[in-house]
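Colleague: okay, structure incoming, though there's no sequence with it:
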């Protein structure tokens, strides 16, 4: 009513497939008073000039405008958690348009994937699953179910304590586990331990109070010290960089296995990062030799993992095809970040999840 | 040294199989200064007179002494969570020997079983499990994985907020869920919401601060009101009594399904109580009609469930053979209760998990 005559700001969503009607409806509900439209483009294709010139806000995975068409754009929001796939685009170097990521939206689904895999392994779910298929009740104290144990009192080490690691830590603590965090840079003060990015409401560890101890470093000696804590679980939740490529290999698995507490099972490894963060042949060997009691892997090297690859048959391995972040909540949560930032721009506040040009990843 | 000549108090463990050497070793470590011995007896068999007469403490599942042999016994501890299987034994009626249960030891394993089943269902684990068996990486955005969702913001109703329900609530809250508790008797004050029994350290909800709302009652109207909260998950964690037999049937599943929030999946049911708490035919019907989106059942009616029973093939059902409480931690935790109570007897304090004669279950 009051804003008749004032041109409404436009939000343009560039996506690689048509948006479902209910998603568009949800978008319009989230951004009342603004015009929401979408365009379907191939991955990496440029946003057409006329659309880019009219937009105030762009929401995208891989489609960006030419800097010349970007005069009106107040914000470009990426639907991905990282922006590394686009950092060589001229929008990054030739403009100062604020760029934001969807970092933080992955916490809950990947934490759920992680905990599910731990419990499937420790509670021998496959046995009851297969029994059900055969309509076999079986015997509750079957020898097949000997050795079932729970997570209370287990020590969890998280390599990379970002939004994903924090939600894993939160759930692990509720299960009765002790959490040990590892970050690249030191976190000596309470405020340095805060998570300042987007956090899915009701989840995470914003204040960084979950870990019983914090560790840091980028050198091998620091990593080795962390792996010597006597961990029952090691979760790899690091970005893949030249420094983290093949960070874990035969030596690291040996250190991990050697420090486990008496009477405890050997360590269980969870990789939700990238396949290349570890030496996969060394992992297979550590599973075969029993240095590791098992592994949950949502990533592999290469992907897709070829059918004849020996990793498929390594002992006690659970593999999924890079699906741990999937979920119907992904899109709405990412748009919540946009909505928050539209408000912050109006109020002149610092943005959530803003990419710092020149700082790299 | 100092107690040479003073006869050491004896702890007798009566069990249906020989104790493993490491269990006996652990027992002796827990009870230094006392003599620990064990006897292997058939289920329900009486403890031999000479052994009973010498014992100060008895640890047992189903083996009890004759009251005439129980003059020296300061405590009988049951390895089971409930004592209902033994309450007609003369030890209950003719003596005032303190009797304690293992209530509380089941919290972590059953909570883990519950959460595992939720996540296996919501994240479609069976699909990736079957793919792995075939060495198929597949496609991360396969249509088979559409509809994956997480637990954030989901409403969980727990019928029976005891030690098991509390640990489920604790983990659910960490996952981002909202917890609603239902108990038979009202819990209007903070202290009435406390858990005063044994709690596995690092777990549970001792203060009763997890639930967003508390509900109570033993009549149908109260249950129906609870089922109308718009629950995404209903967990049945009640003891089986005449009052709770067939507590849930067609009418209750209809109420549950009707109150679910728009755009939410239909409710998911988890039964870790006893099969007879619900009308199993009505459950099968509710799964077939889609009133329920799925069910995780560790119990059935009857057990073992016959191979030809239609429950095995009800849509989206996950069945396990009454194994949710299994775990290597069971025995040590139960003995922690004994150790605590031995100390309390010495100090003249109230016992943990003491059975109140005359109060029934």
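Modeller: Yep, that arrived. In this text, all values refer to a predicted model and were calculated from it rather than measured experimentally. Residues are numbered from 1 along each chain as shown, chains lettered A, B, ... in the order given.
Colleague: tell me where the stretch 251-361 of chain A has helices.
Modeller: In the stretch 251-361 of chain A, the helices defined using DSSP state H, counting those that start in this stretch lie at A:280-289, A:330-347.
Colleague: a markdown table for the ones you listed, including distance to residue A:10 and mean neighbour count?
Modeller: In this view, the C-beta of every residue, glycine as well, is placed from N, C-alpha and C. Output for these, formatted as a markdown table (distance: least, CB to CB, whole Å; neighbours: other CB atoms under 10 Å in any protein chain shown):
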| stretch | distance to residue A:10 | mean neighbour count |
| --- | --- | --- |
| helix A:280-289 | 47 | 19 |
| helix A:330-347 | 12 | 18 |
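Colleague: and those: which comes nearest residue A:73?
Modeller: helix A:330-347 (11.3 Å; CB to CB).
Colleague: so what strands line up beside the helix or strand where residue A:14 lies?
Modeller: Here residue A:14 sits within strand A:10-15, counting by DSSP states H and E. Paired neighbours of strand A:10-15 in the sheet (DSSP bridges): strand A:35-40 (parallel), strand A:57-60 (parallel).
Colleague: export the ones you listed to TSV and tack on mean neighbour count and distance to residue B:305?
Modeller: Below are the strands paired with strand A:10-15 laid out as TSV (neighbours: other CB atoms under 10 Å in any protein chain shown; distance: least, CB to CB, whole Å):
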stretch	mean neighbour count	distance to residue B:305
strand A:35-40	17	50
strand A:57-60	24	50
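Colleague: list of residues touching the helix or strand bottoming out on mean pLDDT in chain A?
Modeller: Least confident helix or strand of chain A, by mean pLDDT, DSSP states H and E, is helix A:21-30 with a mean of 85. Helix A:21-30 is contacted from outside by A:11, A:13, A:19, A:36, A:38, A:331-332, A:335-336, A:339, using CB atoms under 8 Å, 6 or more residues apart in numbering or on different chains.
Colleague: most widely separated two among those residues?
Modeller: Spatial extent of the contacts of helix A:21-30 (CB to CB) is set by the pair A:38 and A:336 at 17.6 Å.
Colleague: and the end-to-end length of stretch A:260-267?
Modeller: Taking CA to CA, to the nearest Å, the first and last residues of stretch A:260-267 lie 7 Å apart.
Colleague: just the buried positions in it, please.
Modeller: A:260, A:265-267 (16 or more other CB atoms under 10 Å in any protein chain shown).
Colleague: tell me, which of those residues make contact with chain B?
Modeller: With CB under 8 Å from any CB of the partner chain as the criterion, the buried residues of stretch A:260-267 include none near chain B.
Colleague: can you redo those as a markdown table with distance to residue B:205 and pLDDT?
Modeller: Shown next, in a markdown table, are these (distance: CB to CB, whole Å; pLDDT from 0 to 100):
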| residue | distance to residue B:205 | pLDDT |
| --- | --- | --- |
| A:260 | 31 | 93 |
| A:265 | 28 | 91 |
| A:266 | 32 | 96 |
| A:267 | 30 | 98 |
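Colleague: quick check, nearest of those residues to chain B?
Modeller: residue A:265 (9.8 Å; CB to the nearest CB).
Colleague: tabulate the strands paired with strand A:10-15 in TSV, adding columns for mean pLDDT.
Modeller: Converted to TSV, the strands paired with strand A:10-15 look like this (pLDDT from 0 to 100):
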stretch	mean pLDDT
strand A:35-40	94
strand A:57-60	96
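Colleague: with distance to residue A:112 as extra columns, can I get these in CSV?
Modeller: CSV is the format used below for the strands paired with strand A:10-15 (distance: least, CB to CB, whole Å):
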stretch, distance to residue A:112
strand A:35-40, 29
strand A:57-60, 25
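Colleague: which among those is found nearest to residue A:291?
Modeller: strand A:57-60 (43.9 Å).
Colleague: residues contacting that closest one, please?
Modeller: A:9-15, A:34, A:47, A:52, A:64-65, A:73-79, A:334-335, A:338, A:342.
Colleague: list buried residues within the residues you listed.
Modeller: For the contacts of strand A:57-60, a burial check counting by 16+ other CB under 10 Å picks out A:9-15, A:47, A:52, A:64-65, A:73-79, A:334-335, A:338, A:342.
Colleague: mind jotting down where the helices sit in the stretch 1-150 of chain A?
Modeller: Secondary structure of the stretch 1-150 of chain A (DSSP H, counting those that start in this stretch): helices at A:21-30, A:49-54, A:90-94, A:107-122, A:125-133.
Colleague: quick one on the thing from earlier: what residues sit buried inside the least confident helix or strand of chain A?
Modeller: For helix A:21-30, by 16+ other CB under 10 Å, it's A:23, A:26-27, A:30.
Colleague: also stretch A:312-323?
Modeller: A:312, A:314, A:317-323.
Colleague: can it be found next to chain B?
Modeller: Yes: shown here: stretch A:312-323 in contact with chain B (CB under 8 Å from any CB) through A:312, A:318-323.
Colleague: residue B:128: which of those residues is nearest?
Modeller: Minimum distance to residue B:128 across these is 4.1 Å, recorded for residue A:320 (CB to CB).
Colleague: the closest one against residue A:295, yeah?
Modeller: No: the pair residue A:320 / residue A:295 is not scored as a contact, 11.8 Å apart, by CB atoms under 8 Å.
Colleague: break chain A into its domains for me.
Modeller: A:10-103+A:328-347, A:106-319 (the TED database).
Colleague: just those domains: most buried one?
Modeller: domain A:106-319 (a mean of 19; mean count of other CB atoms under 10 Å in any protein chain shown).
Colleague: and the gap between residue A:210 and chain B?
Modeller: With distances taken as CB to the nearest CB, to the nearest Å, residue A:210 is found 10 Å from chain B.
Colleague: list the contacts of residue A:207.
Modeller: Residue A:207 is in contact with A:190, A:193-194, counting by CB under 8 Å, 6+ apart.
Colleague: now with 7 Å?
Modeller: A:193-194 (CB atoms under 7 Å, 6 or more residues apart in numbering or on different chains).
Colleague: flag the shaky bits of the stretch 51-200 of chain A, pLDDT-wise.
Modeller: Scanning the stretch 51-200 of chain A for pLDDT under 70 picks out the ranges A:139-142.
Colleague: now distance to residue B:163 too, for the buried residues of helix A:21-30, in TSV please.
Modeller: Shown next, in TSV, are these (distance: CB to CB, whole Å):
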residue	distance to residue B:163
A:23	43
A:26	41
A:27	45
A:30	42
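Colleague: contacts only, for the closest residue to chain B within the stretch 201-350 of chain A.
Modeller: Nearest residue of the stretch 201-350 of chain A to chain B: residue A:304, at 3.4 Å (CB to the nearest CB). By CB under 7 Å, 6+ apart, the contact list for residue A:304 reads A:321, B:137.
Colleague: check residue A:162 too.
Modeller: residue A:237.
Colleague: list of residues touching stretch A:189-202?
Modeller: By CB under 7 Å, 6+ apart, the list of residues contacting stretch A:189-202 reads A:103-105, A:107-108, A:163, A:166, A:187, A:204-208, A:214, A:333, A:337, A:352-353, B:152-153, B:176.
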